[in-house]
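Chemist: pasting the structure only:
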């Protein structure tokens, strides 16, 4: 078992197994990726150990590689086209990440040097189960390096970049397997140009959509941040306008009521603004800083607030003015 795990570990060190593990670690948890690697390796190497050298007679290697190529291309395009915001609640429930990883490793390692190594070790071993356990352990150990890199990158690279890197890794492996599987007579300039154009269009369309969505989200996020800054500035002004009466009337005072509106807007509960039965009013003995009031009104007029909120703030701030 130790011999098998060591040979597989050295054979796959720096190979596509680690890159695949890194790509999956950008999307799924460490536990899901490790379980998927273990399951995929178990099925792949178990098939090698059981069937041995007769594998090629059961399933042609070209068919295996073609299926692997199409799977990688399909997974890469699916990653690009999938809408995380709308698919988190549905698609991810329908497809198990562990099975996705296991399928990728099972097909990706068919006919690869690790499977050939498993076949050679099993043919000369009195303990094929130990060989199988060793090869699976070696695959899991070598995948840990890729998972470690993937988890570290996942916290530092923007979500869009992670999506693009992950999808391009799978598409790259798909092209690599496809070149090996397709007969040489079909690898002519005309067919290759047609494939490149079709694949380029299939990749370019979702990438442009992602970039437009990111730009729109950035614009919306910038506007929300600007409104939040305006509300915070107005709240600080109201703190300066407040007289700090010992018997504070809270939201029954226009100042307290405006602060309540601002807090509700910042907390995303703007629909709960009008909860007071008694309208805010100013007592006869109250005099507020006129200059600060004019500054607050000017800020409200220049703000990007909704017309309803702007009008309500303005109405209550104007109550604070007293005749000279």
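Modeler: Okay, I see it. Note that the coordinates shown come from a computational prediction; the quantities given were computed from them, not determined experimentally. Numbers count the residues shown, from 1 in each chain.
Chemist: Can you mark which positions in the helix or strand harbouring residue 265 are buried?
Modeler: If you go by DSSP states H and E, residue 265 is part of helix 254-266. By neighbour count on 16 or more other CB atoms under 10 Å, the buried set for helix 254-266 is 254-262, 264-265. Placement of C-beta: from N, CA and C, glycine included.
Chemist: Quick check: next helix or strand after it?
Modeler: Downstream of helix 254-266, the first helix or strand assigned by DSSP H and E is helix 290-302.
Chemist: Can you tell me what sits against that following helix?
Modeler: With CB atoms under 8 Å, 6 or more residues apart in numbering as the test, helix 290-302 has contacts from 230, 233-234, 237-238, 240-241, 310, 313-314, 317-318, 320-321.
Chemist: now residue 258: how far from residue 1?
Modeler: Between residue 258 and residue 1 the computed distance is 73 Å (CB to CB, to the nearest Å).
Chemist: How about residue 190?
Modeler: If you measure residue 190 against residue 1 using CB to CB, the figure is 51 Å.
Chemist: between those two, which one's more packed in?
Modeler: Ranked by neighbour count (other CB atoms under 10 Å), residue 190 and residue 1 place residue 1 first, with 17 against 8.
Chemist: That one against residue 138, yeah?
Modeler: No. When contacts are counted by CB atoms under 8 Å, residue 1 is not listed as touching residue 138 (9.5 Å).
Chemist: ok so, going back, and the buried residues of helix 254-266, which is closest to residue 67?
Modeler: Of all these, residue 67 sits closest to residue 265, with 55.4 Å by CB to CB.
Chemist: Any chance of CSV for the contacts of helix 290-302, columns pLDDT?
Modeler: Shown next, in CSV, are those (pLDDT from 0 to 100):
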residue, pLDDT
230, 85
233, 87
234, 88
237, 87
238, 88
240, 87
241, 87
310, 87
313, 90
314, 89
317, 88
318, 87
320, 86
321, 83
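Chemist: nearest to residue 10, of those residues?
Modeler: residue 230 (61.2 Å).
Chemist: So for the closest one, what's the nearest residue that isn't a sequence neighbour?
Modeler: Leaving out its chain neighbours, the residue that sits closest to residue 230 by CB to CB, 6 or more residues apart in numbering is residue 303, at 4.6 Å.
Chemist: How many residues are close by that neighbour?
Modeler: 18.
Chemist: Please tell me how far residue 43 sits from residue 50.
Modeler: 11 Å.
Chemist: who has more neighbours, these two?
Modeler: residue 43 (17 against 12).
Chemist: looking at it, the more buried one is touching residue 103, isn't it?
Modeler: No. With contact defined as CB under 8 Å, residue 43 does not reach residue 103; the gap is 9.2 Å.
Chemist: re the thing from before, what's the angle from the helix holding residue 265 to helix 290-302?
Modeler: Helix 254-266 and helix 290-302 meet at an angle of 30 degrees, taking axes from the mean of the first three to the mean of the last three CA atoms, to 10 degrees as the criterion.
Chemist: Give me the distance from helix 254-266 to the chain's centre.
Modeler: Relative to the chain's own centre, helix 254-266 is displaced by 36 Å; criterion: CA atoms, centre = their mean, to the nearest Å.
Chemist: what does stretch 309-324 give?
Modeler: Distance of stretch 309-324 from the chain centroid (CA atoms, centre = their mean) equals 46 Å.
Chemist: Only the buried residues of it, if you could.
Modeler: Of the residues in stretch 309-324, 309, 312-313, 316-317, 319-320 count as buried by neighbour count, 16+ other CB under 10 Å.
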